[in-house]
Each structure stands twice: as C-alpha cells, then as structure tokens.
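A.B. asks: got a predicted model here, sequence first, then my questions.
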Amino acid sequence: MSHVAIMDAVYELLREKPARDLTMEAVAKRANVGKPTLYKWWPTKAALIMAMFHERLDRPPEFPVMLTAEKALRAKMRRLIHVVSGLFGKVVRELIAEGQSDPDILREFYEQHVSLRRAAVVEDIERGKATGEFSADTNAELLVDAIVAPVYYRLLLRFAPLTEKYGNDLIDQALVGVRTKQKPSTRKGRSGLRRKSQ
C-alpha cells in the first residue's frame, strides 16, 4: 500500500505547491514512509513526479472510431482543453520548466506522453486523406503542429484563456486549406500545410 500512499502524497502536494518546491522529504512525510523507500524506486524528484503524472493524470481517453477525421480532431481538442485547465496543465507547465535544466524530463515527457497522442492525431489526419475528407497532399505532421502548438503556447505563457471556442477556432483556421469541399484559394500562405511539390 506504500506505493498508493506515495502517489497520493505527490498528487496532493502538487495541488498545494509548484513542482520546484516539492521535496522528497515532504513526500516521505506525507506518505508516512522513509526516504530510502522513495529513492529505491525513484532516483530523483523529477522521476517521482513523472511516475505520478503517468499513473494519475495521463490516462488516454478512447474516442469512437466512426467519427469523421474532423470530428475526431475536435473531440481530442475538447479533451485537451479540458485537461490542461486543471492539475494536469499545472503539472505539464512545471515539468516543461524543470526540463529546461534536465533534458531527461523533456525526453520522457515527449516519448511517454506527447509522441503517443501526436501519432494518434496524425493517424486521424491520414484517415481523412484516405477517405477524401482532406486533401491528399496535406502534411499531417505540420497540421498537427498548427492545431496543437498554440494550446501549449497559451498554457505556458498564460497570456489568454484556453477555452473550447479557442480550440474550435484553431481547428477551423488550420483546416481552411485542407478540406476538399472548399474551392481552391489563390491567397498566399494558404498552401503552408501542403507538401512542396517535387
């Protein structure tokens, strides 16, 4: 049961204070365990926070496969906006901040969290291309960046709120040049999400 108590302690302490102020001593005291127990399984504070993050906050949701690609993107955006507005978002900000001095944190955060969700969104876009929903020459990787990067931009700088409307507006703007139902546009910059012709 000590594992559950430790995860509970980290979760509760991160609700009370920023990650930079969290200490192994405080976790051990709150969980009523010895520090050697913590260090046996988690060599650093960052490793302990990441463990709690994956176990308590990072639970990938399931989305119906029958959704169109665009509806799948909107559903995932709503989910992202919702979770980053709570403790999840706070911890993500602090992990990224801690990662500036510890690249291992950023690597693990990307490999264990970001890359998996990014791949799922790329799959949605590729499905949209295959069904004719999106233009066949859409660059899925760039489209993901155009949709998701602004969310992290606002999350980190906190200069404006993250709302469901903002998420929908991002998708509206990002899909302007890739929906096949739209008439081709001659406006400059509209082909930014398309691959360069060979």
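C.D. replies: Looks like it came in fine.

A.B. asks: which ones are touching Leu22?
C.D. replies: Val10, Leu13, Leu14, Lys45, Ile49 (CB atoms under 8 Å, 6 or more residues apart in numbering). For glycine as for every other residue, the C-beta is placed from the backbone atoms N, C-alpha and C.

A.B. asks: grab the nearest non-local neighbour of Asn102.
C.D. replies: Just to correct that, residue 102 is Asp rather than Asn. Counting by CB to CB, 6 or more residues apart in numbering, Ala46 is the residue found nearest to Asp102 once chain neighbours are left out, at 5.8 Å.

A.B. asks: tally of neighbours for the one you found?
C.D. replies: 20 (other CB atoms under 10 Å).

A.B. asks: which one of the contacts of Leu22 is nearest to Ala149?
C.D. replies: Ile49 (23.7 Å; CB to CB).

A.B. asks: tell me where this structure has helices.
C.D. replies: 2-16, 24-31, 35-41, 45-52, 69-84, 87-99, 103-109, 115-131, 140-157, 164-174 (DSSP state H).

A.B. asks: could I get those helices as CSV with distance to Thr180?
C.D. replies: What follows is the helices of the chain, written out as CSV (distance: least, CB to CB, whole Å):
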stretch, distance to Thr180
helix 2-16, 45
helix 24-31, 53
helix 35-41, 51
helix 45-52, 41
helix 69-84, 11
helix 87-99, 34
helix 103-109, 35
helix 115-131, 9
helix 140-157, 14
helix 164-174, 15
